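Student: I need the structure of the sequence given here:
(one chain, ligands or ions: 1)
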Amino acid sequence: MELLKQKIREQGSVLSAQVLKVDAFLNHQVDPLLMDEIGAELARRFADAGVDKVLTIEASGIAPALMTALHLGVPMLFARKQQSLTLTGELFTARVYSFTKQVESTVAVAARHLGAGERVLIVDDFLAHGQAAQGLASIIEQAGARVAGIGIVIEKSFQPGRTELDRLGYRVESLVRLASLEGGTVRFLD
Ligand code: 5GP
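Tutor: Coordinates of the predicted model:
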């Protein structure tokens, strides 16, 4: 996606050889037109996957997941990281280690929002070690639903997440793939 690459070149900043900061347009301040293009492209790539629902984790996955759901014409559900008084009834939960916060937390969705047999598309802003995606896949499987695929905005292909998700047999589509962040420079894989 050329527009996304351009935004990364112009407004992204490399924090270390492992971490790219994109808070000017993706996960703090959000560019609505870019998000619309991201949603349209992920929806196009998974148009044949029979998606019933899009699932992500709060907070940074919500914007791309919502726009993907809008373009697919299905609901979007996000797993909560914080316990909430309104998160009641039966829950599906998973332990997820956060790459950026370096803490493990429990993420949860209310069981009534995930039905057995549903085909669920996972969407997230980044793919690093694949922990978030695997936690969401576990929640989907607890519901007796199926993972329709995994849509990622920025894949850091030099980290192990992609290989691991491929090994587990999931269909992964990433809009941009990074070969390296070494030397403070973003290098794209293709
Ligand atoms: P994973 O679970 O694949 O190890 O990491 C994915 C999650 O960590 C994403 O939900 C994303 O919020 C966060 N993340 C991973 N790498 C980066 C990064 O380089 N930059 C930012 N801003 N977030 C990242």
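Student: ok, residue 136 to residue 94 distance?
Tutor: For residue 136, the distance to residue 94 (C-beta to C-beta, to the nearest Å) stands at 7 Å. No exception for glycine: its C-beta is placed from N, CA and C like everyone else's.
Student: shared neighbours of those two, anything?
Tutor: When C-beta atoms under 8 Å, 6 or more residues apart in numbering defines a contact, the residues bordering residue 136 and residue 94 alike are 79, 107.
Student: would you list every one of the helices in the chain?
Tutor: Along the chain, the stretches classed as helices by DSSP state H are 2-11, 32-45, 62-72, 131-142, 161-167.
Student: near the ligand, which residues of the chain?
Tutor: The interface of the chain toward the ligand, taken as C-beta under 6 Å from any ligand atom, is made up of 19-22, 27, 60-61, 99-100, 124-132, 161.
Student: Which of those are buried, as a PyMOL select command?
Tutor: Typed into PyMOL, the next command selects the buried ones out of the residues of the chain next to the ligand (criterion: 16 or more other C-beta atoms under 10 Å):
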select buried, resi 20+22+27+60+61+99+124+125+126+127+128+130+131+132+161
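Student: Inside strands: which ones of the residues of the chain next to the ligand?
Tutor: Using DSSP state E to define strands, the subset of those located there is 20, 21, 124, 125, 126, 127.
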